[in-house]
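> task: produce atomic coordinates for the following.
(2 chains)
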Amino acid sequence: MSQRRYIAEPQSPPKQRADEQAIDYAPIVHDQVATTTCYMCACRCGIKVHLQDGRIRYIEGNRDHPVNKGVLCAKGSAGIMTQYSPARLRKPLKRVGERGKAEFQEIEWDEALKIATEWLGKIRATDPRKLAFFTGRDQSQALTGWWAAQFGTPNYAAHGGFCSVNMAAAGLYTIGGSFWEFGEPDWERTRYFLMFGVAEDHGSNPIKIGLGQIKNRPPENRAKFVSINPVRTGYSAIADEWIGIAPGTDGLFVLAIVHELLKADRIDLDFLVRYTNAPWLVVDAPGTAGHGLFARDGAGNPLCVDNAGAIRSALEAGVTPRLVGEATLADGRKARPAFELMASRYLDESYAPEKVAEQCGIPAATIKRIAAELAEAAFDQAIEIPIGWTDWAGRHHDKVIGRPVSMHAMRGVSAHSNGFQTCRAIHLLQMLLGSIDCPGGFRYKPPFPKSAPPPAKPAAQVGPMHALHGLPLGFPQSPDDLLLDLDGAPHRIDKAFSWEAPLAVHGLMHMVIHNAWAGDPYPIDTLFLYMANMAWNSAMNAPDAMRMMTDTDERGEYRIPHIIYADAYFSEMVAFADLVFPDTTYLERWDCISLLDRPISDPDAAADAIRQPVIQPDRDVRPFQDVLLDLGARLKLPGMIDGHGKSLYPGGLKDYMVWHERRPGIGMLSGWRGLDEDKQGMGEPNRRQLERYVENGCFWRGEIPEKARFYRFANRDFFDWAIPRGFLDKPQQIVLQLYSEPLRKFQLAAEGHGTRQPPEHLRARVSQGFDPLPSWYPPFGATADNDGCVLHAITQRPMHMYHSWGSQNAWLRQIQARNPLFIARKLGERLGLADGDWAWIESPHGRVKAEIKLMEGVNQDTVWTWNAIGKRAGAWNLSPTAPEAAKGFLLNHVISELLPPRPDGHRYANIDPVTGQAAWYDLKVRLKKCAPAEYGETAPVFDALDTSLPKPGNALAYGAEFRAKRARQ
Amino acid sequence: MTALPAHPSDRKLGLVIDLDICVGCHACAVSCKEWNTGGHMAPLTDYEAWGDSPSGVWFNRIHSFEAGEGANGRTVHFPKSCLHCEQPACVTVCPTGASFKRAEDGIVLVNEDLCIGCKLCSWACPYGAREFDEDVGVMKKCTLCIDRIYNDKLEEVDRVPACVATCPVGARHFGDLGDPNSEVSKLVQERAGYDLMPELGYKPVNKYLPPRTGRTHTGCTGAPATPLQESPAESTGNRLLRWLDQALSR
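Numbering: from 1, shown residues only, chains lettered A, B, ... in the order given. Reported below is the predicted structural model:
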């Protein structure tokens, strides 16, 4: 079914003409080729590395790999230049000067590990949570999260809190899956694709392959691609329709579409009845502790009213529930179906396209047309495929029905303080159209769907020398699951799972430095970071983050006493470490892309992958994962040593990948388990497992039977496939959460019910954020008193860069080494700004200077720039006067991690009130034209760093050696 | 000056580039760079790779620009490499015969042994497709991956230019544009593929497929979309009533 991506006709070699240069048509292209997994971004494509004399000749996409199917993006091909980057760290470093000055002494590994063991050992023996361990763009969270749990600190997370936790959390709490790694459009069959916001650097090759596919359909099977994005670059440039929405109003746009669909009764009622909680009765008893919760019977089953008027369990197979109408419960209370609450809300004229048009910057007629097109595609172009399947109740069906409408949202929607509810609104729209896990719609990737939300709860600290009873991150379902100390104060340093961010399922890495510096909620001893550039492009308010890390108390001691940092490169963050563990590159180590972590599956199969070392390091560096297991053994952490105190994984991650079992039979890798190597997902460890992976191109893919590929929330054939693999625990329907009872429980607490209630200053925020039905409210940052800052300011992600890793790369920085501020031509005319002018970008927090570039394809009230091009002078071993430092800038400098003070002085964090997601894109600014004397260089600038690494030469003639060798042969 | 082949074959190898789906990701440009920096014309030298003015030799570059005003305009990503013209001025201007057009497949190459680095060819090429390697002192350019497309040390499926093999959206195609029945020629026919600046008369072999016109009007999705029924007089309560007597079971 899949389309051929390109035409390439084989050509026979022509005869050599005597009067023409003789050409060697068939030079040697490698003496060795190794498969592994790319790490030039988060996409995790399969690659083949062609080597000659131990050097990389070239890297290409692995055609057999499920993620990229042979393609490779600009970043992946530029992996050569990242491998040979002059910014690579060479040896462990110990700080000898002031923190932040990059004055280090090279030390041996043994000394480095002894220092860390001493610091961490003391913490573990007294108060384990004084270790804050945060791991950035880590692809080994199944290991690092587990390590934190064994150490006994709840203060662990990776970078999701400042990336796209709103998208992930809203999906997991609503449909038991989400976009990108948890599900994707059915590219082959979809007829209408809505993409919300910037998506260019995540799932990048799969999305590009998919877009190419839907754009190149034959005329009789056309699909339409609509991009909703304030900026028309990248993917938006090839959209059939670009909608330049005002940032932060996507939820309003979606709910206006919902309004239109409801008004016209163009919704999939059958889907809502079968697969969602739309028919469940919601108690209507205002002022009581049960108001807004589901009515339940004695066994806890939710109730509905059947068409004969009887109150019955809503979970019964075959029940015919009413969708509207008041019911009287056995205890006399009134109740109404969730559907009715939903429909009454969005039918209200306040959601009419005419009412939202101006705020969204989209004409009402356009919203109406999109609604009509969605309905037409979903219902009039419905697909029927004769695939027999058995539903959750054991009933056989002889076909699957597809509603070929699909959607995708990532950071553009996520990075607002209303992002969680906006993502919920998108999932509501999918439910109303019946386009979840059906042909042509959104389709889950295994191990998803999981129950909505998944069952794991976040674990709290137990005490000195004790492991946690679970993992640090999880999914609270009510205020009882929050991590609060006895006095109600946040238990975690980042305040995740407190009233400030109750569903912070990815933690809040962006608040750690601030909170640790402020000692709020408590001081810590050691900040241990891996691969997170928290002194620069990963920090909100980078200038203050740097100040906080170097600030001292009245005794002259650093407020954050110890900082350990692990990275492969001399990023801006390295300068702030007391101890540096130099990591290997991605081509020099074993790694594990585990289903326990972030899956690389596709809708038709579960998949996981490994990295294998294809190049030997030429520096005194070690893979961070090996270092972590070594540290764990030195600290005698449970699960890392045997009964004699010896390391269980002396070979490091390579051993752990094979032998570690999370539960009996379940380990890091799913393929080739068991004594006969024939088990998938669950089975005994297999000592030959890695050999099997390597033989198979460093990945494993286990296909789902055809009958188990759709409606997986209610498909017994899927349960039968997933349970023995350990992906699901029980053969039970996963009911999609149109109305969210867990959210309502938090809202009830904010309304004054229950024993755990938010503090006064957070009540209104919690009450608003935890609406059990998708809602829209203006982003907080955008509505604060902004002193004339009326322009939205956002970033887009260049497809050829991945954060600061990309902008250090010798080839990629030739594509782009500086970033202007893009503004609409008409706005430029109004403000007297022309191409090449320089302007101050001023927010209530601060200002940064940038060059102006006018353009057409941008929302009139929005200015934007490329993400993570700007660098601190000298960092990454670039020239201190490189354009990245002199002319490139970070918008981060004007984004505060705190909102401006309220009248009583309190400052809310600049986050989504539900998940704690960093609200980067709430930023509002004003522009002030620079005086001519101020042109030419960005500001603020910081002292140049001296990395003390060997300086690279001027001309780079990479590859000349391969030609020279061919000439010799 | 250098003569074109007196008796060229009918074969005209080249690329077809689809501007309707190119997202401007630079995958083709970097893949080209990495293959060719170790390939037939190796190296593709870089200058100040980590310095103040990073630059280097690239055989394929992406130009992004906007056409038209406001929301009605379009952002265009335009990959550009040597077009392997049938009448290449870069060849005829060459004083040494270094720059030449191959008789058998039409590929335009530079014989570095004969190149004196005079740069006349880069002045003559209207497409800016030539790249001077200062370090080596010779002109370099796209070879159409001549060390891949006939390379029997590669699997047959890999014998395509690197830029074509890697393109994630599938915006690049490779074949014989001299054969009217080839798949690439048919694609050009179907999609009204065009020559870049045909008025100059260099007859480029590479073709570009124009963007398809946007589909923003009602009914553009295949079947006519009926505008959703308006019912402004109805109250929310009345609208809810229509769902009262549904008899759908789960």
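
> okay, CA-based contacts and neighbour counts for the rest of this
Fine.

> the longest helix along chain B near chain A at all?
Longest helix of chain B, by residue count under DSSP state H: helix B:27-36. Yes: counting by CA under 8 Å from any CA of the partner chain, chain A has neighbours in helix B:27-36: B:27, B:28, B:29, B:30, B:31, B:34, B:35.

> what does the helix or strand that that helix is followed by contact?
Later in the chain than helix B:27-36, the nearest helix or strand by DSSP states H and E is strand B:46-47. Contacts to strand B:46-47, defined as CA atoms under 8 Å, 6 or more residues apart in numbering or on different chains, come from residues A:954, A:955, A:956, A:957, B:53, B:54, B:55, B:56, B:57.

> excluding covalently adjacent residues, which one is nearest to residue 241?
Using chain A here. Leaving aside its sequence neighbours, residue A:241 sits nearest to residue A:226 (CA to CA, 6 or more residues apart in numbering or on different chains; 4.9 Å).

> sorry, I should have been clearer: chain B.
With CA to CA, 6+ apart, the residue lying closest to residue B:241 is residue A:324, at 7.6 Å.

> format the CA atom coordinates belonging to the helix or strand hosting residue A:627 as PDB.
Residue A:627 belongs to helix A:624-634 when assigned by DSSP H and E. Coordinates of the C-alpha atoms in helix A:624-634 are reproduced here as PDB (Å, rounded to 0.1, in the frame of the first residue of the first chain):
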ATOM      1  CA  PHE A 624      27.500   8.400  30.700                       C
ATOM      2  CA  GLN A 625      25.200   5.400  31.200                       C
ATOM      3  CA  ASP A 626      28.200   3.300  32.100                       C
ATOM      4  CA  VAL A 627      29.400   6.000  34.500                       C
ATOM      5  CA  LEU A 628      26.000   6.100  36.200                       C
ATOM      6  CA  LEU A 629      26.000   2.300  36.700                       C
ATOM      7  CA  ASP A 630      29.600   2.500  38.000                       C
ATOM      8  CA  LEU A 631      28.600   5.300  40.400                       C
ATOM      9  CA  GLY A 632      25.600   3.200  41.500                       C
ATOM     10  CA  ALA A 633      27.800   0.300  42.300                       C
ATOM     11  CA  ARG A 634      30.200   2.500  44.200                       C
END
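
> helices and strands around the next helix-or-strand element following that helix, which ones?
Next in sequence after helix A:624-634, counting helices and strands by DSSP H and E, comes helix A:653-659. Helix A:653-659 sits against strand A:591-593, helix A:624-634, strand A:666-667, with contacts defined as 3 or more CA pairs under 8 Å, 6 or more residues apart in numbering or on different chains; DSSP states H and E.

> among the ones you listed, which is nearest chain B?
strand A:591-593 (22.0 Å; CA to the nearest CA).

> now list the buried members of the contacts of strand B:46-47.
A:955, A:956, A:957, B:53, B:54, B:55, B:56, B:57 (16 or more other CA atoms under 10 Å in any protein chain shown).

> average model confidence for stretch A:894-909?
Mean pLDDT, computed over stretch A:894-909, is 91.

> I misspoke; the intended subject was stretch A:636-652.
Averaged across stretch A:636-652, the pLDDT comes to 97.

> what does it contact?
Contacts for stretch A:636-652 (CA under 8 Å, 6+ apart): A:150, A:151, A:467, A:625, A:626, A:627, A:629, A:630, A:632, A:633, A:655, A:656.

> go with 6 Å
A:150, A:626, A:633, A:655, A:656 (CA atoms under 6 Å, 6 or more residues apart in numbering or on different chains).

> now pLDDT too, for the residues you listed, in TSV please.
Below are the contacts of stretch A:636-652 laid out as TSV (pLDDT from 0 to 100):
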residue	pLDDT
A:150	98
A:626	98
A:633	98
A:655	98
A:656	98
